[in-house]
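# predicted model follows, preceded by the sequence.
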Amino acid sequence: DCTLSCLAGLADCDGNPANGCETDLTYDVGNCGACGRSCGSANVAQLTCSAGVCTSGCSSGFGNCNRPAAPAPDDGCEADLSNDAAHCGSCARPCATTNVSVAKCSGSICTSTCAPGFGNCLQSWSPAADDGCETNTTTATSHCGACSIACTNVGGPTQCTNSLCAPTCYSNAADCDGNPINGCEVITSSDPNNCGRCGRGCCGGSCSSGACQPAKLASSICAGPGVAVDAAYLYCVDYTRGVSRVPFDGGAAITFAPGSGPQSLALDANSVAYWLTYSFPNTTNVMKAPGTPSVLASVNGLPSDIAVGGTYAYWTQTDWPTPGINGWLLRVPVSGGPNEVVATFAANSSGVGLAIDTNNAYWIVNGATFLAKTPLDAGTSTTLAVGMNCQPLVAVDSTSAYWCLAGTPSTIVRTPLAGGATTTLAPLASGIGDLAVDSEGVYWTGTGVASPTIMKVPLDGGSAVPLAVGVYQPQSIAVDSACVYWNDGHGDVWRIGKR
């Protein structure tokens with residue numbers, strides 16, 4: 001009998017000595033490394049045997065990672081490279097264990113669950129090695145608290161502390177949205193919607209060095225004493241042009257009641273305008289518009305001030321030719337009808353300021369020494385305060401009347417509507433043209449020759465602040481929830497954001 005002795009890598013796998021060592025164990029996929037040892041076909045695209053080891057090409061997403069040596073059976077392309085944490089994306093790429101609580105592979109990317117305070121943020125692709133949960137999310141500004149939460153700050157430095165962004169604002173910046181992730185996102189020195197502080201809009205004007213600049217609404221439209229606003233328009237009077245309306249959205253101004261001599265102005269809840277005119281030689285007319293301007297009343301005397309509330313328009317006038325009586329508070333129904341005398345008082349011809357609330361009228365006579373209160377339905381007038389006023393101006397809110405007390409210097413003062421001590425709010429640096437009040441403060445037009453201003457002081461007093469400086473001959477003033485409005489000696493109409 002013949003005895004075969006095969007060279008390395010060859011074998012007599014068919015047991016037929018006649019054909020000798022017929023099998024090449026290094027390349028035969030049916031006898032790879034040993035007779036009868038076939039390369040597995042699981043997930044295999046192309047069977048291959050090389051140097052006695054099954055090196056089969058795999059279907060997409062699988063890897064021939066184990067490659068067991070003979071005589072162990074081959075397991076084909078056994079590794080799911082999409083989900084195998086030991087072979088994630090490629091055979092020799094395990095998901096790292098650094099700061100990892102549970103290693104995971106998903107879509108051929110290591111998506112391991114991290115230990116507290118760490119994040120698997122980079123998640124590199126094969127063939128780059130995985131670095132586990134490489135990011136300390138308690139301190140990393142690019143991944144603060146969680147991956148991809150980046151602390152940013154255009155208005156100062158920022159850091160990540162205990163998994164929270166901790167921005168620091170420069171003096172000209174602020175965190176207006178309350179979100180520490182985007183830091184001090186507003187530059188308050190130049191943002192017209194957050195000028196000088198969060199939420200302060202400039203009402204269409206620019207913001208420079210944290211101060212709103214005035215925005216002009218209209219030119220050469222009204223230089224007279226009387227400005228009022230509603231939600232969409234500013235209304236104003238001019239001695240020669242009449243009564244006009246200026247839209248806030250930038251449209252053209254409209255003079256809806258042409259005519260000479262209008263002065264003082266009031267709006268009702270339906271944006272109907274009421275004003276006074278003077279007819280020679282000695283007649284005060286109470287006017288009403290929009291629509292065709294109509295005369296509600298004509299009474300002998302010089303017009304002074306007007307207010308409207310409920311179903312009546314109220315006005316003050318002086319120099320009625322009745323012996324011993326120089327001033328009058330009257331009313332007329334807004335729907336038309338006879339006028340009525342509410343109160344009489346001693347006055348001169350220089351004007352009587354008027355304000356009303358639901359139940360009472362408050363009036364102040366130029367050059368007189370008292371502030372008076374009279375029920376709207378007529379009754380006995382009472383003196384709320386004693387002292388020489390510097391202008392016939394009065395404004396009221398729900399608790400107090402605000403007026404100007406003459407002195408050296410003159411002052412803006414507050415008197416309780418129910419009676420009580422008058423409190424000084426602010427000294428006047430110059431003359432005063434008009435006065436307004438809202439829930440935030442008292443506003444006035446400062447008419448000093450050197451530097452006329454638009455001023456504001458808090459309701460409880462304190463430092464008065466200029467809203468606009470160097471404006472030309474400011475006249476009347478009005479306020480709404482966001483803006484302060486005034487007209488000037490040129491007839492231009494302006495507004496600026498509240499401070």
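Yes, it's here. Numbers count the residues shown, from 1 in each chain.

# where in the stretch 301-450 of the chain is pLDDT low?
By pLDDT under 70, the weakly predicted segments of the stretch 301-450 of the chain are 320-325, 347-351, 367, 449-450.

# give the buried residues for stretch 76-91.
Within stretch 76-91, the residues that count as buried by 16 or more other Cβ atoms under 10 Å are 76-79, 81-82, 84-85, 87-91. (C-beta placed from N, C-alpha, C; glycine too.)

# among those residues, which two are most distant?
Taking Cβ to Cβ as the measure, the buried residues of stretch 76-91 span a maximum distance of 20.0 Å, between 76 and 85.

# picking that back up, among the buried residues of stretch 76-91, which are in strands?
If you go by DSSP state E, the buried residues of stretch 76-91 have residue 79 in strands.

# tell me the one of the buried residues of stretch 76-91 nearest residue 267?
Closest approach between the buried residues of stretch 76-91 and residue 267, by Cβ to Cβ: residue 82, at 72.0 Å.

# distance check, that closest one against residue 56.
Noted for residue 82: a distance of 18 Å to residue 56, by Cβ to Cβ, to the nearest Å.

# over to residue 295?
Distance from residue 295 to residue 56, by Cβ to Cβ: 105 Å.

# who's more crowded, those two?
Each of residue 295 and residue 56 has its neighbours counted (other Cβ atoms under 10 Å); residue 56 has more, 25 against 13.

# mind listing residues that contact stretch 222-229?
With contact meaning Cβ atoms under 8 Å, 6 or more residues apart in numbering, stretch 222-229 is reached by 234-239, 241, 244, 262-267, 273, 275, 434, 475-480, 485-491, 493.

# hmm, residue 257 and residue 245 touching each other?
No: using Cβ atoms under 8 Å, residue 245 is not in contact with residue 257, being 9.3 Å away.

# between the two, which contacts overlap?
Going by Cβ under 8 Å, 6+ apart, residues that sit against residue 245 and also against residue 257 are residue 290.

# skip the chain neighbours and tell me the closest residue to residue 438.
Once flanking residues are discounted, residue 438 sits nearest to residue 479: 4.9 Å by Cβ to Cβ, 6 or more residues apart in numbering.

# that neighbour bridge partners, please.
Residue 479 forms beta bridges with residue 484, as assigned by DSSP bridges.

# distance to residue 67 and pLDDT added to the buried residues of stretch 76-91, as CSV?
Converted to CSV, the buried residues of stretch 76-91 look like this (distance: Cβ to Cβ, whole Å; pLDDT from 0 to 100):
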residue, distance to residue 67, pLDDT
76, 10, 97
77, 10, 97
78, 10, 96
79, 10, 97
81, 15, 97
82, 20, 96
84, 15, 97
85, 19, 97
87, 12, 97
88, 18, 96
89, 18, 95
90, 14, 95
91, 9, 95
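
# redo the buried residues of stretch 76-91 as CSV? Include distance to residue 452.
Formatted as CSV, the buried residues of stretch 76-91 follow (distance: Cβ to Cβ, whole Å):
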residue, distance to residue 452
76, 93
77, 88
78, 89
79, 84
81, 79
82, 76
84, 80
85, 77
87, 81
88, 75
89, 75
90, 79
91, 83
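
# test my guess that residue 455 contacts residue 465.
Yes: look at residue 455 against residue 465 with Cβ under 8 Å: they come within range, at 7.2 Å.

# more crowded one of the two?
residue 455 (25 against 14).

# are we agreed that the more buried one is in a strand?
Yes: the assignment for residue 455 (DSSP: H, G, I helix; E, B strand; the rest coil) places it in a strand.

# now residue 13, what's its secondary structure?
coil.

# ok, it touching residue 23?
Yes: between residue 13 and residue 23 there is a contact under Cβ under 8 Å: 4.0 Å.

# need the overlap of contacts for those two.
Taking Cβ under 8 Å, 6+ apart as the criterion, residue 13 and residue 23 both touch 31, 35.

# how many residues are close by the residue lying closest to residue 46 once chain neighbours are set aside?
Spatial nearest neighbour of residue 46, chain neighbours left out: residue 57 (3.9 Å); criterion: Cβ to Cβ, 6+ apart. Residue 57 has 12 neighbours, counted by other Cβ under 10 Å.

# my guess is residue 57 contacts residue 50, does it?
No: with contact defined as Cβ under 8 Å, residue 57 does not reach residue 50; the gap is 11.1 Å.

# so the residue nearest to residue 260 when sequence neighbours are not counted, which of the three states?
Spatially, and ignoring its direct neighbours in sequence, residue 260 is nearest to residue 240 (5.8 Å; Cβ to Cβ, 6+ apart). Look at residue 240: counting by three-state DSSP, its state is coil.

# start to end distance for stretch 201-216?
Distance between the two ends of stretch 201-216: 15 Å, counting by Cα to Cα, to the nearest Å.
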